[in-house]
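Undergrad: Below are the sequence and a predicted model for it; my questions follow.
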Amino acid sequence: MRIILLGPPGAGKGTQAKDLVTKYGIPQISTGDILRKNLADKTPLGLEAKKYMDKGELVPDSVVVGIVRDRLKESDCKKGYILDGFPRTVPQAEALDAALAEMKTPIDKVLSIEVPDSELVKRLGGRRTCRSCQAGYHVMFKPSKKEGVCDSCGGELYQRDDDKEEAIKNRLKVYMASTAPLIGYYKNKGMLATIDGVGDMKVILDRMVKALKG
Ligand code: AP5
Ligand code: MG
Ligand code: ZN
């Protein structure tokens, strides 16, 4: 199964993708995670991307399209995959269409996760992520057992640089301007399912599984 998770910052793309990985045994491909890994490793790509990411701007299309094109050729993608945070612009979606047409592996479904802005701001402000295993937490909605420590691996929990107020505001603005048009793009292709992203995380997963079956 090949799935795209579409939705604003904080909608729960990463949270839900991890449960879908467990459920379907297919990998999560998060361009944000790949860029942050490059940054942590201080690669030229990571250092270049940081300039955009810290401000909540999008990294240029050519950069992310190249990353995803290479990633989709890896063997673990044969069974399918979950794209999390890509595509994010119409040119990215067109480049993905072209690459998948060449590989003869079309996307099965695009899940558009809807959450109101006020809730997004709360989610992003309290998010914590494990530095070692990337597990996601929230200080109120999904706290770790011990503050600042990952339940699964004991790693250190950190707050993302772009989860500060100014960057959050800009990310929401950039989403509306550049990414939200993809909802219409995929609706026109008959590939879109809308998911109510408010509520218990497990209930939201059920909504997704139902949409993927339908
Ligand atoms: P990226 O890492 O993709 O960030 P994003 O789109 O802003 O999305 P987030 O990761 O912030 O949100 P999410 O939907 O994954 O939410 P999460 O599950 O963590 O991108 C970062 C940057 O990289 C971009 O700004 C850009 O610069 C660059 N980039 C990446 N891809 C790019 C591309 N394709 N093109 C160009 N540039 C690109 O949940 C958030 C919080 O809420 C967590 O704490 C979680 O525990 C909590 N939560 C989740 N679900 C619920 C729930 N149901 N109830 C209560 N709390 C919940
Ligand atoms: Mg994410
Ligand atoms: Zn961890």
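TA: Received, thanks. Ligands and ions are numbered 1, 2, ... in the order given.
Undergrad: Flag every residue of the protein that's near ligand 1.
TA: With the criterion set to Cβ under 6 Å from any ligand atom, the chain comes near ligand 1 through 7, 9-15, 31-32, 35, 52-53, 56-59, 64, 85-86, 88, 92, 123-124, 127, 136-138, 141-142, 162, 171, 201, 204. Where you see a C-beta, it was placed from the backbone N, CA and C, and this is true even at glycine.
Undergrad: any idea how far residue 142 is from residue 129?
TA: 11 Å (Cβ to Cβ, to the nearest Å).
Undergrad: shared neighbours, those two?
TA: Common contacts of residue 142 and residue 129 (Cβ atoms under 8 Å, 6 or more residues apart in numbering): residue 136.
Undergrad: More neighbours: the two, which one.
TA: residue 129 (20 against 16; other Cβ atoms under 10 Å).
Undergrad: you'd agree the more buried one is up against residue 155?
TA: No. Using Cβ atoms under 8 Å, residue 129 is not in contact with residue 155, being 9.5 Å away.
Undergrad: between the two, what contacts are shared?
TA: In contact with both residue 129 and residue 155: residue 135, using Cβ under 8 Å, 6+ apart.
Undergrad: ok, back up a step: for PyMOL, what selects the buried ones among the residues of the chain next to ligand 1?
TA: To isolate the buried members of these in PyMOL, using 16 or more other Cβ atoms under 10 Å:
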select buried, resi 7+9+10+11+12+13+14+15+31+32+35+52+53+56+58+59+64+85+86+88+92+123+124+127+136+137+138+142+162+171+204
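Undergrad: out of the residues of the chain next to ligand 1, which are inside strands?
TA: Taking DSSP state E, the ones among the residues of the chain next to ligand 1 that sit in strands are 127, 136, 137, 138.
Undergrad: Output those as TSV; include the columns distance to ligand 3 and pLDDT.
TA: Below are those laid out as TSV (distance: Cβ to the ion, whole Å; pLDDT from 0 to 100):
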residue	distance to ligand 3	pLDDT
127	14	96
136	10	94
137	9	97
138	15	97
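Undergrad: Would you mind checking which of the residues you listed is nearest to residue 79?
TA: residue 136 (23.7 Å; Cβ to Cβ).
Undergrad: Leaving out the residues flanking it, which one is nearest to residue 23?
TA: Closest residue to residue 23 apart from its sequence neighbours, by Cβ to Cβ, 6 or more residues apart in numbering: residue 209 at 7.0 Å.
Undergrad: Please identify which helix or strand holds the one you found.
TA: helix 201-213 (DSSP states H and E).
Undergrad: Could you tell me how far that helix lies from the centre of the chain?
TA: 17 Å (Cα atoms, centre = their mean, to the nearest Å).
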